[in-house]
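In: Structure, please.
(one chain, ligands or ions: 1)
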Amino acid sequence: MKILVLNCGSSSVKYQLFDMTDESVLAKGIVERVGMTDAILTHRPTGKEKYCHVEPILEHTSAIKVVTNILVHPEHGVIQDVKEIDAVGHRVVHGGEKFSQSTLITQEVKNVLTEYIELAPLHNPPNLKGIAAAESVLPDVPQVGVFDTAFHSTIPRYAYLYALPYTLYQRYRIRRYGFHGTSHKFVARRVAQLMQKEFSALKIITCHLGNGASITAVDRGKSVETSMGFTPLEGLIMGTRAGDIDPAIIPYVMAKEELSLGEVDAMLNKHSGILGVSGIGSDMRDIEKAAEEGHERAQLALEMYRYRIRKYIGAYIAAMNGVDAIVFTAGIGENDPVSRAIIGKQLSFFGVEIDEERNNCRGVEREITTPTSKVKLWVIPTNEELMIARDTMEILMAKE
Ligand code: ADP
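Out: Below is the predicted model of the structure:
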C-alpha cells in the first residue's frame, strides 16, 4: 500500500510518499513559494539524485499536480502511475471538539473544518485548500484527515477548561485544545516500545521543542494535559511566541503603547519568546553561539527557556502523580544536548540521572540517563509524517 502524506501551508506543500509494506519513504519534498511565479520544487527521491525546479505555481491544485507529476517522472519519479497511490493523508491543524481521531474526509467533515477556520485562521484554510486540491488531482483516492488536536481529546474537562465565565465555553468553545498531537503521540508510543513496556502502563512526559514548542503528559496511553491551549500561543517560551504571561499585561501594554488588537497579537506571536528576550533572533543555534560569546540577553533567554520547560515537567509529574519517562523531540529537543543536560540535572529530586556521554548526541534515538536513573530520559526524533501514514492506512483498512 502506498500513501501520500501532505502538509499544506499557506505558501508551501510538503509531501512524503510511503510504501507501507515496510514503512519506507519512496520520496519526499516540498513546493515552496506557492502563489508566486518563481515557486520552487525540491524533490528527494530515495536512492536517486535530489531534483530542484523553479516554475510559476499559483495555487495549491497546481502545486499538487507538480508533486504527482514528479512522483511518476521517468527519471526523477518513484512510481509508474498515480494509480499506485492508495490514499492521501492530510495534516490538519485544528479538529476542534468533533474529531477525536483521524477520519476519512467527506463533505460533512469539510463543512465542520470550514466552521473551525475561526479557531485556526492561519492553518485550517490552507489545509482545506490542500484537501480540495488533492481531491481534484486524485479524484478516486480516499483522503484522510489527521488532526494536531486529536491526541489531546482525552484531556479531562477540569484540565481543558479555563476559569472564565462558563458561557464563553458554551458560546464559543473556548477551552484548551492543544497542538502537536501527532508528534506527542508518535514519540510517546515509540518510547514505550523502546522501553519494552505497555503504552497503557507508563506515565510519560513528551517535550516537543521546535520553533513552536509544547509539552504533554501522557498517562497510560492518553494525553491528560498539554501546554498549548486555545491557540498555539500558550505554555512554553518559543522562538517568537511568549508562551504563558499574565493576561492583564495585554490591556496594560495596549493602553501604554497605543497598540491595536492586531498589533498586540503580532507582539505576542511574532516578536516575543527567544527573539523578544534576546533581541537577536529565534534560532536556538544563534542564541547559543551568542550566549557562549558572552551576550547577556542571549544567556537570559536560554535560562528562561530551560526554566519554563523544567517548571512544566514538575507540574506534569504532579498532574500524573509520577513519571516513568521524559522524551525530548523536534529541532531543539533532538539536537541540543546542552539544554537537555541543564534541564535533566535540575530534575535530580525526581530521581533523574543524566548520562553526559550518552546525552552527547544529535538527532538519534537514544536513552540519555544512567542505568540507575529512576526516571528515564530519551531523545526520540519525531516522525509526524509516518504517524499520518499509519493512521491513514488504519482508516483505509477499516473501510475495506
Ligand atoms: P518547526 O517547529 O519549524 O518544525 P524544528 O522542529 O525544525 O521547528 O526546530 C527548529 C529549532 O531547532 C530551531 O530553533 C533551531 O535552531 C533548532 N535546532 C536545530 N538544530 C539545532 C542544533 N544543532 N542545536 C540547537 N538547536 C538546533
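
In: Now for the spatially most central residue of the chain: which residues touch it?
Out: The centre of the chain sits closest to His180, judged by Cα atoms, centre = their mean, with a distance of 3.4 Å. When the contact criterion is Cβ atoms under 8 Å, 6 or more residues apart in numbering, the partners of His180 are Asp148, His208, Gly212, Ser214, Thr216, Met228. The C-beta positions use only the backbone N, C-alpha and C, and glycine is treated the same way.

In: now with 7 Å?
Out: For His180, the contacting residues are Asp148, His208, Ser214, by Cβ atoms under 7 Å, 6 or more residues apart in numbering.

In: Would you mind measuring from the second one to Thr329?
Out: Relative to Thr329, His208 is positioned 5 Å away (Cβ to Cβ, to the nearest Å).

In: Identify the contacts common to the two.
Out: Common neighbours of His208 and Thr329 (Cβ under 7 Å, 6+ apart) are Ser183, Thr382.

In: how many other residues sit next to the residue in the chain positioned nearest to the ligand?
Out: As assessed by Cβ to the nearest ligand atom, the ligand sits closest to Gly331 within the chain, at 2.0 Å. Close neighbours of Gly331, defined as other Cβ atoms under 10 Å, add up to 19.

In: Okay, and Gly314 sits in which element?
Out: helix 296-320 (DSSP states H and E).

In: same question, Ala120
Out: Counting by DSSP H and E, Ala120 is part of no helix or strand.

In: what's the following helix or strand after the helix or strand harbouring Pro251?
Out: Remark: Pro251 resides in helix 249-257, with elements defined by DSSP H and E. Beyond helix 249-257 in the direction of the C-terminus, DSSP H and E gives the next helix or strand as helix 261-270.

In: Can you give the distance of the following helix or strand past that next one from its chain's centre?
Out: Next in sequence after helix 261-270, counting helices and strands by DSSP H and E, comes helix 273-278. Centre-to-centre, helix 273-278 and its host chain are 21 Å apart (Cα atoms, centre = their mean, to the nearest Å).

In: List the contacts of helix 273-278.
Out: Contacts of helix 273-278 (Cβ under 7 Å, 6+ apart): 237-243, 281-282, 287, 297-298, 300-301, 304-305.

In: out of these, which touch the ligand?
Out: Gly239 (Cβ under 6 Å from any ligand atom).

In: Closest one of the contacts of helix 273-278 to Val264?
Out: Ala242 (10.8 Å; Cβ to Cβ).

In: got the CA positions of stretch 85-97 in CSV?
Out: Taking Å, rounded to 0.1, in the frame of the first residue of the first chain, the C-alpha atoms of stretch 85-97 are listed here in CSV:
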residue,chain,number,x,y,z
ILE,A,85,-1.3,5.9,-4.6
ASP,A,86,-3.9,4.2,-2.4
ALA,A,87,-4.7,7.1,-0.1
VAL,A,88,-3.7,10.6,0.8
GLY,A,89,-3.2,11.6,4.5
HIS,A,90,-3.5,15.3,5.3
ARG,A,91,-2.1,17.0,8.3
VAL,A,92,-4.9,19.2,9.6
VAL,A,93,-4.1,21.5,12.4
HIS,A,94,-7.5,22.0,14.1
GLY,A,95,-10.0,19.3,14.6
GLY,A,96,-11.9,21.1,17.3
GLU,A,97,-14.1,19.1,19.6
